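> sequence and predicted structure, then a few things I'm wondering about:
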Amino acid sequence: MAAESLETDGPRSSMPAELYHHHSEYSQWKFKLFRVKSMEKAPLPSETQPEKRALLGISPPEAPNIELDHGKDPGSVMKLCLRREREENVEGPGRRVDMKLLEMESHMSHLRGLCRVCGIALRKVKGPEHDVHGNLDDVSKCALRKMGCKSTSWPEVILKVFKVDVTEDIESVHPLSFCHRCWLTAIRGGGFCSFTKIRVVEWNPHSSVCYLCFPRKPSFQRTGRKRRKVIPRAQSLPKRSRWDLSDSIAVGERRILRPFGDRLGPVLRGWRKHSIQRDQWVRNITHCQKDHLSTRLISEKLPVDYINSFTCLVCDHLLSDPVQSPCGHLFCRSCIIKLTHVLGPYCPACNSPCARDNLTPPAKTFLSALYSLPLLCQNDSCGEQVRLDSFKAHCLNHELEKDTNQNSSELDNYLLANKGGRPRQHLLSLTRRAQKHRLRNLKNQVREFADKEEGGDLKSVCLTLYLLALRSLNEHKQADELEAMMQGRGFGLNPAVCLAIRVNTFLSCSQYHKMYRTVKATSGRQIFQPLHTLRAAEKELLPGFHQFEWQPPLKNVSSSCSVGIINGLSGWTSSVDDSPADTITRRFRYDVALVAALKDLEEDIMEGLRERGMEDSACTSGFSVMIKECCDGMGDVSEKHGGGPAVPEKAVRFSFTVMSVSVLADGEEEEVNIFTEPKPNSELSCKPLSLMFVDESDHEMLTAVLGPIVAERDAMKESRLILSIGGLPRSFRFHFRGTGYDEKMVREMEGLEASGSTYVCTLCDAGRAEASQNMVLHSITRSHEENLERYEIWRTNPFSESADELRDRVKGVSAKPFLETQPTLDALHCDIGNATEFYKIFQDEIGEVYKKGNPSREERRSWRAALDKQLRKKMKLKPVMRMNGNYARRLMTMEAAEVVCELVPSEERREALRELMRLYLQMKPVWRATCPAKECPDQLCRYSFNSQHFADLLSSNFKYRYNGKISNYLHKTLAHVPEIIERDGSIGAWASEGNESANKLFRRFRKMNARQSKAFELEDVLKHHWLYTSKYLQKFMEAHKDSAKAFQATIDPVEIQDDEDNCLENDF
């Protein structure tokens, strides 16, 4: 029996069966009795301040039912302490203690209905209750996991969000649940913080002045001060009687307005009835008393249930424009929309989800029954029964008749009693205040109509009235302009379009302003926007506008987000011995520029999520961004104008390209690519980061200028970016690949010797002689870390070797590598280098060098002149001083090979030359294609065979040239292309062509912004170059391709329309 009693008691009275003995009942009762705090000191209810109870008007609490055999609460204190004893045992000598237990039971019942965090009553909060000491449910755990919170129980979350430790809570002091409002606060804060100011209640043990058991009412308590006498006034109102009606009703300690018309009799001040309070709330939300019809207008005696089926469950009026919720309840459309807007998308009848989009019209049979209800006209002179669907029109006729009679009487009175005075002024001649006063009635009527019929869109109503007035006065030209503006296709161009036109046509400020004034004076309309609107539009596109956060914060980088163009030397740590940098450089901060680039791709990222069928809210973390870095010298950029300090006339640009964006969704194993740059080698996708007047051969200066960029880049690798994309904060990680460098820049950054040295390759350790003997079988061995280790060996010489031995050990590393590069092949410079080599082969074949030993310089000049003359005559290919990309593309063709073969005397050498060009053209698409596996799979499969055949030709027929030497790009083409493609998937997509093609933009932007200081000049070039690469502006330019025709149409639309009509007539 003991075991059974233990099992049936509450959870706090459980005990192992082997520890149970005949005194355990008393021991356990004693333990629980003394566990309740302040229970011994609590006075009896009969002894607690009878005077205060008399003042408060509170009757003494009735003794609760102590028939414990029929109790329904298994966790009550009485049941735990008395262990199902009979009532006569309770009323024994220990009655004083038992009454304290009753008081504690009442106190704990109050605690069960309150929130642990904010102290509000749980019944007042809409939503479920949550256990303070329980584990997280699936919904809460999933929501918090998306925000990075890994807590599993509510005490951990409450401690982080509300800074309250609930693990030591006592049941008799603290509530055991918290409300749904605090749950929402914890979820919105991600389980880490609170975005809502919630005051956490401090709970105290039960005492004789407990505010839960004996609530205070300050309105009835004495303050100890005498009431101040009010000095009577001559015009004061008479004092109200005790039971007189007031304009407000006291509810608890606050007052609410009394509903209109509730003046039927005396009402005691106190708690209002819930139904009355709810009706008042609904009236304040819907405001439909004047628009909707009451059920009292039904003329016939119909069943109550039948009438209730045609009644709105929100306002209790007859249904007006009825809609049906997914749960089957009926409401007026305006009432349910206003109610859900205020109280949330839930059905007011059953509390089920009810969004605005899920509302549907009811069945037609129901609508026919609703509209056929007979209503009694309330007009005294009518009393006619009218159907519901024609009742409003019937009442409107009565109002029109009444207004007509009233207006005629007012007109008669005015004609009879005209007092004269000054003439009435015109509306436009009045001041703004007088205009408002004269039109106040009309304004109120228009606003009322807009709120009732057009959803509050007052602007559209006024513009439509003005449009109709213009049409009635035959002002159709002005009306067409107004209508075009209302429909979003006005004659004035968008400021972003004007900005895109200015940047893409390289117009300076004065040139654009001159065009703006000319077009405005010619057409009479403001088609282009003024310069100040363009400056406002470009702020959103330049770096430094958007807010973001790094987690963890970047090391040695400021957390400020509004950082624009800065000095490129900022962040450079120089020692005492260093001389000041004699250069000018301007740049964006790397992380701020990446944020602006991602915001520019916001539409593309969201479109990629939709195309992959991924839920927007589920993809908030796991984004990976691949960045291609490019750096190249622009050569001589000297200009005649410009002041400032003497700086090198050569410039270097560092830029980057967002190659791809991928996301790893929750629960998935593989990343999904949601954005890929369609034109990775275009100048439109290569965003500038830094511009500097530096010679790319100056290793020390280049190291100093690029040092801060390298530090920011290394810091971003160890952190993640939190940025708002699509309205939700999302997490991004960046991966950097320095592939857009030519041979010279790679050797500068990795600290290698120049390209003419013994070590011909930047990917492997092969020397020039070894590479010429074995042209194909090589693998990539060099890396940034290995170059750093070799530099330390070169600097310290730990083995005390000679210069040649040390140089052979470090394999050509002679300076400290300062920027990590990806070991790859630059496709653009590979084409240029190989074209240069073929150009020399063509000269040698024309002069038959394979027969001769060492030709003289004059002979080589004659061969080159003959080759240039033949190419210019047959292919119109003008000679160049230095090989470039365009010349290389035209030279490396079978047509050029055939033209050169006309000058080669031997037929055998012609065939060898054609075969060499044919093999090269079969290999070229492999490293030039963006995705060779899709674009040229056949050439990719045959690449190893073709490269081996190509190497055999060089080592046999052209041995005279490649005996013991080979060019670096030809070596990389034959030896390393398959390995790079197998690792990266592509070579052409990671080329530096975009950075190279942007070199010509520097001069154009420099002329566009001619300023006296070179520092300001660099800022303007950097700013406009960034705007030139903006995807947002490019989309506007794409949408306005036919801008000339559109521009002509805006200037003279009549002629264009006549031309279109003539074209249509000719077509028909």
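Yep, it's here.

> quick one: pLDDT of Gly853?
Listed pLDDT for Gly853 reads 74.

> where do the strands sit along the stretch 551-700 of the chain?
Along the stretch 551-700 of the chain, counting by DSSP state E, counting those that start in this stretch, strands occupy 565-567, 585-588, 623-636, 650-663, 672-676, 687-692.

> ugh, typo on my part, it should be the stretch 901-1050 of the chain
Using DSSP E, counting those that start in this stretch, strands in the stretch 901-1050 of the chain do not occur.

> low pLDDT regions in it?
1009-1012, 1039-1050 (pLDDT under 70).

> residue nearest the centroid of this protein?
Ile725 (2.0 Å; Cα atoms, centre = their mean).

> quick check, that residue in contact with Glu603.
No. Counting by Cβ atoms under 8 Å, Ile725 does not reach Glu603; the two are 10.0 Å apart. For every residue, glycine as well, the C-beta is placed using N, CA and C.

> for Glu202, helix, strand, or coil?
Here Glu202 is recorded as coil under DSSP: H, G, I helix; E, B strand; the rest coil.

> please begin residue numbering at 22 from this point
Fine by me, first position is 22 from now on; the one you just mentioned is Glu223.

> state the pLDDT value of it.
For Glu223, pLDDT reads 86.

> likewise for Tyr47?
Reading off the model, Tyr47 has pLDDT 42.

> can you give me the helices in the stretch 972-1089 of the chain?
Ranges of helices within the stretch 972-1089 of the chain are 989-996, 998-1005, 1014-1018, 1020-1029, 1035-1049, 1052-1060, 1064-1072, 1074-1088, based on DSSP state H, counting those that start in this stretch.

> spatially nearest residue to the residue nearest to the centre of the chain (excluding sequence neighbours)?
Leaving out its chain neighbours, the residue that sits closest to Ile746 by Cβ to Cβ, 6 or more residues apart in numbering is Glu623, at 5.5 Å.

> neighbours around the one you found, how many?
17 (other Cβ atoms under 10 Å).

> in the stretch 722-871 of the chain, which ranges drop under the pLDDT threshold?
Using pLDDT under 70, the stretch 722-871 of the chain has no residue that qualifies.

> hey, where'd the helices end up in it?
Counting by DSSP H, counting those that start in this stretch, the helices of the stretch 722-871 of the chain are 764-770, 789-794, 805-817, 824-831, 848-868.

> please apply the same query to the stretch 272-421 of the chain.
Using DSSP H, counting those that start in this stretch, helices in the stretch 272-421 of the chain cover 295-307, 325-329, 354-364, 385-392, 412-437.

> likewise the stretch 472-621 of the chain?
479-493, 497-507, 516-525, 530-544, 552-560, 611-621.

> worst average pLDDT in those?
Ranked on mean pLDDT, the bottom entry among the helices of the stretch 472-621 of the chain is helix 497-507, at a mean of 72.

> now render the helices of the stretch 472-621 of the chain as a markdown table, adding mean neighbour count.
Output for the helices of the stretch 472-621 of the chain, formatted as a markdown table (neighbours: other Cβ atoms under 10 Å):
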| stretch | mean neighbour count |
| --- | --- |
| helix 479-493 | 14 |
| helix 497-507 | 15 |
| helix 516-525 | 22 |
| helix 530-544 | 14 |
| helix 552-560 | 15 |
| helix 611-621 | 23 |
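
> if we compare these, which one ends up closest to Met915?
helix 516-525 (37.1 Å; Cβ to Cβ).

> what angle separates that closest one from helix 552-560?
90 degrees (axes from the mean of the first three to the mean of the last three Cα atoms, to 10 degrees).

> distance from helix 516-525 to the middle of the chain?
Chain-centre distance of helix 516-525: 25 Å, with Cα atoms, centre = their mean, to the nearest Å.

> for stretch 477-489, same thing?
Distance of stretch 477-489 from its chain centroid, counting by Cα atoms, centre = their mean, is 34 Å.

> and for it, what's in contact with it?
Val467, Arg468, Phe470, Ala471, Glu475, Ala500, Leu503, Glu504, Met507 (Cβ atoms under 8 Å, 6 or more residues apart in numbering).

> please identify which pair of those lies farthest apart.
Arg468 and Ala500 (24.0 Å).

> domain map for this structure?
123-208, 297-410, 456-508, 518-559, 564-761+1033-1068, 844-1014 (the TED database).

> want to throw the ones you listed into TSV with distance to Tyr812?
What follows is the domains of the chain, written out as TSV (distance: least, Cβ to Cβ, whole Å):
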stretch	distance to Tyr812
domain 123-208	41
domain 297-410	65
domain 456-508	66
domain 518-559	43
domain 564-761+1033-1068	12
domain 844-1014	17
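
> sorry, back to before: between the contacts of stretch 477-489, which sits nearest Gln399?
Once Cβ to Cβ is applied, the member of the contacts of stretch 477-489 that ends up nearest Gln399 is Phe470, at 23.4 Å.

> how many residues are close by that closest one?
For Phe470, using other Cβ under 10 Å, the count is 12.

> repeat for Glu869
14.

> quick one: the closest residue to it other than its chain neighbours and Glu866, what's the gap?
In this structure, Glu869 finds its nearest non-sequential neighbour in Pro926, 6.6 Å apart by Cβ to Cβ, 6+ apart. To Glu866, Pro926 is 9 Å away according to Cβ to Cβ, to the nearest Å.

> the more surrounded of the two?
In this view Pro926 and Glu866 are compared by other Cβ under 10 Å, and Glu866 has more residues nearby, 26 against 9.

> and the gap between the nearest residue to the more buried one once chain neighbours are set aside and Thr857?
In space, and not counting its chain neighbours, Glu866 is closest to Val925: 5.0 Å by Cβ to Cβ, 6+ apart. Per Cβ to Cβ, Val925 is found 19 Å from Thr857.

> one step back: dump the helices of the stretch 472-621 of the chain to TSV, plus distance to Arg453.
Formatted as TSV, the helices of the stretch 472-621 of the chain follow (distance: least, Cβ to Cβ, whole Å):
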stretch	distance to Arg453
helix 479-493	16
helix 497-507	22
helix 516-525	29
helix 530-544	28
helix 552-560	26
helix 611-621	41
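
> Cys136: which of the ones you listed is closest?
Judging those by Cβ to Cβ, what sits closest to Cys136 is helix 611-621, at 40.3 Å.

> didn't the residue nearest to Ile746 look like it was pressed against Gly748?
No. With contacts counted by Cβ under 8 Å, Glu623 stays clear of Gly748, the gap being 9.9 Å.
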